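1. have a look; sequence and predicted model below, questions after that.
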Amino acid sequence: MSYELKVDDKETTDRAAGLSQGLLGTAADRPEGVLKVTGRATYAAEDMPEGTAFGVLVRAPAMGRVELGNAPAVEKLPGVLAVIHDKRMLRNPAQGMAGEAPVQGVAEADYVGQPIALVVAGSFEQARHAAEVMEVRCLGEIRPVSPGAVEPEVPEKKQSSMGDLDAAMAAAVHKVDATYSTSAMSSAAMEPHAALAWWEGDKLTVRASLQMLKYNRAELADSVGIPLENVRILSPYVGGGFGSKLGVSPEVVAAAIAAQQLGRPVRVVLNRRQVFETITRRSETEQHIRLAADGEGRLTGVGHDALVSNLPEEPFSEPVTQATPFNYEGAARTIGHRVARIHRPAAGSVRAPGEAVGVTAFEIAMDELAVAAGIDPVELRLRNIPAEVPGTGKPFSSHMLAESLNDGAARFGWADRAAEPRARREGEWWIGSGVASAFRVNMLSEAEARVVLGPEGAIVETDMTDIGTGTYAILGQIAGELLGLPQEKVEVRLGDTAFPPGSGSGGSIGAASTGTAVWLAAQEVRAALAKEMGCEPDDLTLKDGRATCGNISRDIAELISGESLEGHGHVQPGDASSKVKQATFGAHFAEVAVNDVTGEVRVRRMLGSFAAGRILNLKTARSQCHGGMTWGIGMALTEELVHDRRDGHMVNRDLAEYHVAVNADVPPLEVHFLEERDPWTGPMQVKGIGELGICGAAAAILNAIHHASGVRLRDLPATPDKVL
Ligand code: MOS
């Protein structure tokens, strides 16, 4: 079955047909969970074919033109098979998924740390040793590495303006005019980037840790210079991506080229420092925010100007203001975007690109407005919820920000909060609480899937990935729900480009997009079963392995008499987004303690209320929000990539020096979902949840720091030196 989300084609029913199992929406376990925690799930670097050789990437110690000084000598070291510096490994911003993850390589290093060669040997230790003794001569000059050192580009199509913001600011009773900054951040996925490549004739197979296989396949074919159909990528298990595995990265291209040259399988695994240094980072941002409000705190004007950075020619730039056109009321609106071209590692998508940092700064500004106006910050937000996208007449497909704020406030105990800062002290700790709204655009992406129903159960196949998000679980739930099968009777096969192309995992599109493809495929199987039963699909009930129509009831396995039924699902976004605005909404609440003596901040509790359409699996959806809120704690308090101001090299390129929030930093996190049905999102009425939990989370903490201690911070992270 095929489905295209068209203007005036919205689903008007709740599509109850087929929902008789009660499996969808439950907190079902991940079917692959036991394999993962017992080490039996094979990740990219595992399961090596006989004769695998080992490649280690060599980094440029400086930028500019580089030469490999002693390659012939290195090639004679014990076990070394080759030193590879192939021009196909060059960084090419034209490649990569929307240019989000460039292919990086040889000859001209655009930044310190860029991979410039691959050393391959019979053992990993030999390859590592050879890579370490490789002499790399750098003939380059220092280029700008700080956003402040260059005149930024002003991309025309990223500027927008309506009304007269200056006039609104001049006439405002209450206003905010301030600049906020967020630090560069790393995805720091748990599984380091890895690839294992081998050739059979002119056919290339690569096991890799990637998020978007159908795009990655095209990128790799393009990079290596072979036809698409000669490339197969396998990514059955991915140990986290967060954007860093959206596009093919250096190890994938290098492994493919080395395996071709040597005629044997080659494995390339990045070490942790290489992961930090060569994988796309989140750009640092500088955000000038202006808010104009009347005496009741109602916004009359909004200004949001962002400065981000990236390497020259990279098409990606952190979409900081993505939620600003629709977040709150305000007739006058100016949005600006500038990109500083500097020579640090390429910037790319990191979890909730745009809103993660843009909503965060904006929600601190909203807190400042609440303080300036003497209005409770929850109430201020409630007063500014727009009925439609401001200035466009475009309605929201669904909108539950008010419900999220009210639900969260009630559960958090917001009513007991003192209006003034510095109202509560315990020993040397100031205690306070803060709120922030969460916004994230909702997108649907083209996806296909196959569902085969046989006598033993069903099989779901798509090249979709599970990057730790729960894809195996939810796709099994969807197929099981519609086919009347328990989850264990549905086998979900993912991460193989030989399967129908799914959406991939990125931009919170996976569950809604590929899930809908599975839904449609299962509906096709249902239609075939209904035909066997001689009834309409909508009158068919499939439950506990039985098919029922009116007073006829039959065993499903018997009904298909040993045969199998195949369904194909294909979903396309269509043009509905031109008519309605789709987004997810939520509210974050945080309580912090701020040490009056040391400036240390501890998050004591955190609560989020979220609305994201139909929740497919309570457990995996909640885990996504826990993860996003945990990232919010890191963004608020500790996460910051530090670049040397002379040559831009990344100073803290490991998990000892780059501080992600760990167990000791994270208090119990409470997550609540609001029931929402959005008829515009497709037949399942699902929206993406993966990135909502990080959007604005850090602002709730920064706002709580102000409420606790009276210290207003506009520069993240809020390290003790800034708090004191
Ligand atoms: Mo996401 S940052 O689009 O993987």
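-> Alright, I've got the coordinates.

2. which ones are touching Pro155?
-> In this structure, Pro155 makes contact with 317, 337, 339, judged by Cβ atoms under 8 Å, 6 or more residues apart in numbering. From N, CA and C alone the C-beta is placed, and that goes for glycine too.

3. only the buried members of the residues you listed: can you turn that into a ChimeraX selection?
-> Entered in ChimeraX, the line below selects the buried ones among the contacts of Pro155, by 16 or more other Cβ atoms under 10 Å:
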select :317,337,339
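
4. looking at the contacts of Pro155, which are in strands?
-> Within the contacts of Pro155, residues falling in strands by DSSP state E are 337, 339.

5. let me know the closest of the contacts of Pro155 to Ser397.
-> Using Cβ to Cβ, His337 is the member of the contacts of Pro155 that lies nearest Ser397, at 25.4 Å.

6. the closest one pairs with what?
-> Beta-bridge partners of His337, counted by DSSP bridges, are Ala306.

7. pretty sure it contacts Glu318?
-> No. In this structure, His337 is not within contact of Glu318 by Cβ atoms under 8 Å, at 9.1 Å.

8. hey, what's in contact with both of those two?
-> 306, 308.

9. of the contacts of Pro155, which is the nearest to the ligand?
-> Minimum separation from the ligand among those (Cβ to the nearest ligand atom) is found for Ser317, which lies at 13.9 Å.

10. ok, the closest residue to the closest one other than its chain neighbours - contacts?
-> In space, Ser317 comes closest to Val339 once its chain neighbours are excluded; the distance is 4.6 Å by Cβ to Cβ, 6 or more residues apart in numbering. Contacts for Val339 were tallied using Cβ under 8 Å, 6+ apart; they are 152-153, 155, 307-310, 317.

11. again, 7 Å this time
-> When contacts are counted by Cβ atoms under 7 Å, 6 or more residues apart in numbering, Val339 is found next to 152-153, 155, 308-310, 317.

12. ok, Ala473 - how many residues close by?
-> For Ala473, the tally of surrounding residues (other Cβ atoms under 10 Å) stands at 24.

13. that one - that's part of a helix, no?
-> Yes. When classified by DSSP: H, G, I helix; E, B strand; the rest coil, Ala473 is found to be part of a helix.

14. how near is the closest residue to Ala254 other than its chain neighbours to the ligand?
-> Nearest-residue entry for Ala254: Leu118, 4.5 Å, with adjacent residues in sequence omitted and distances by Cβ to Cβ, 6+ apart. Leu118 sits 26 Å away from the ligand when distances are taken as Cβ to the nearest ligand atom, to the nearest Å.

15. element containing Leu118?
-> Assigned by DSSP states H and E, Leu118 belongs to strand 115-121.

16. I'd like the average pLDDT over that strand.
-> Taken as a whole, strand 115-121 has a mean pLDDT of 94.

17. in PDB, list the C-alpha atoms belonging to it.
-> What follows is the C-alpha trace of strand 115-121 in PDB, where atoms were taken according to Å, rounded to 0.1, in the frame of the first residue of the first chain:
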ATOM      1  CA  PRO A 115      42.500  12.000   8.500                       C
ATOM      2  CA  ILE A 116      45.000  12.100   5.700                       C
ATOM      3  CA  ALA A 117      46.100   8.500   5.200                       C
ATOM      4  CA  LEU A 118      45.400   4.900   6.200                       C
ATOM      5  CA  VAL A 119      48.000   2.400   7.300                       C
ATOM      6  CA  VAL A 120      46.900  -1.200   6.900                       C
ATOM      7  CA  ALA A 121      48.600  -4.200   8.500                       C
END
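
18. which secondary structure element of this protein has the lowest mean pLDDT?
-> When the helices and strands of the chain are scored by mean pLDDT, DSSP states H and E, strand 2-4 comes last with a mean of 78.

19. following it, which helix or strand comes up?
-> Per DSSP H and E, the first helix or strand lying C-terminal to strand 2-4 is helix 33-37.

20. pull the residues that contact that following helix.
-> Outside helix 33-37, the residues touching it (Cβ under 7 Å, 6+ apart) are 41, 237.

21. ok, stretch 162-176 next?
-> For stretch 162-176, contacts defined as Cβ under 7 Å, 6+ apart pick out 289-295, 297, 300-301, 303, 331-334, 365, 368-369, 372-373, 391.

22. try it again at 10 Å.
-> If you take Cβ atoms under 10 Å, 6 or more residues apart in numbering as the criterion, stretch 162-176 is touched by 177, 289-303, 325, 330-335, 364-375, 380, 390-392.

23. which parts of the protein sit against the ligand?
-> For the chain, the residues in contact with the ligand under the definition Cβ under 6 Å from any ligand atom are 211, 241-243, 246, 349-351, 353, 506-507.

24. next, format the residues you listed as JSON lines and append pLDDT.
-> Converted to JSON lines, the residues of the chain next to the ligand look like this (pLDDT from 0 to 100):
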{"residue": "Gln211", "pLDDT": "97"}
{"residue": "Gly241", "pLDDT": "96"}
{"residue": "Phe242", "pLDDT": "96"}
{"residue": "Gly243", "pLDDT": "95"}
{"residue": "Leu246", "pLDDT": "94"}
{"residue": "Ser349", "pLDDT": "95"}
{"residue": "Val350", "pLDDT": "97"}
{"residue": "Arg351", "pLDDT": "97"}
{"residue": "Pro353", "pLDDT": "97"}
{"residue": "Gly506", "pLDDT": "96"}
{"residue": "Gly507", "pLDDT": "95"}
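
25. narrow these to those that are buried.
-> For the residues of the chain next to the ligand, a burial check counting by 16+ other Cβ under 10 Å picks out 211, 241-243, 246, 349-351, 353, 506-507.

26. the residue nearest to Leu77 when sequence neighbours are not counted: how many residues sit nearby?
-> Distance criterion Cβ to Cβ, 6+ apart; nearest residue to Leu77, sequence neighbours excluded, is Ala130 at 5.0 Å. For Ala130, the neighbour count with other Cβ under 10 Å is 26.

27. contact partners for Ala130?
-> By Cβ under 10 Å, 6+ apart, Ala130 lies in contact with 56, 58, 71, 73-83, 119-121.

28. how long is stretch 570-590 end to end?
-> For stretch 570-590, the first-to-last residue distance is 41 Å (Cα to Cα, to the nearest Å).

29. now it: mean pLDDT?
-> Computed over stretch 570-590, the average pLDDT equals 93.

30. residues of that stretch that come out buried?
-> Using 16+ other Cβ under 10 Å as the burial criterion, the residues of stretch 570-590 that qualify are 570-574, 576-577, 579-590.

31. cool, and stretch 414-429?
-> Neighbour count says stretch 414-429 has 414, 417, 421-422, 424, 429 buried, by 16+ other Cβ under 10 Å.

32. average model confidence for that stretch?
-> Averaging the model's pLDDT scores along stretch 414-429 yields 97.

33. then stretch 458-473?
-> Over the span of stretch 458-473, the pLDDT mean works out to 98.

34. low-confidence ranges in the stretch 1-150 of the chain?
-> When the per-residue scores of the stretch 1-150 of the chain are filtered using pLDDT under 70, the ranges that remain are 6-18, 90-107.

35. now the stretch 401-550 of the chain against the ligand: closest residue?
-> For the stretch 401-550 of the chain, Cβ to the nearest ligand atom, closest residue to the ligand: Gly506, 3.5 Å.

36. what residue in the chain comes nearest to the ligand?
-> Closest contact between the chain and the ligand, by Cβ to the nearest ligand atom, is at Gly243 (2.7 Å).

37. got the contact list for that residue?
-> If a contact means Cβ under 10 Å, 6+ apart, then Gly243 has 100-101, 187, 189, 211, 279-282, 348-353, 356, 467, 505-507, 691 as its contacts.

38. could you find the closest non-adjacent residue to it?
-> Sequence neighbours aside, Ser349 is the residue nearest to Gly243 in space, at 3.6 Å (criterion: Cβ to Cβ, 6+ apart).

39. which residue lies nearest the spatial centre of the chain?
-> When the chain is reduced to its mean C-alpha position, the nearest residue by Cα atoms, centre = their mean turns out to be Arg351, at 3.4 Å.

40. tell me the spacing between the closest residue to that residue other than its chain neighbours and Thr630.
-> With sequence-adjacent residues excluded and distances taken as Cβ to Cβ, 6+ apart, Arg351 is closest to Phe242, at 4.5 Å. When distances are taken as Cβ to Cβ, to the nearest Å, Phe242 and Thr630 turn out to be 12 Å apart.
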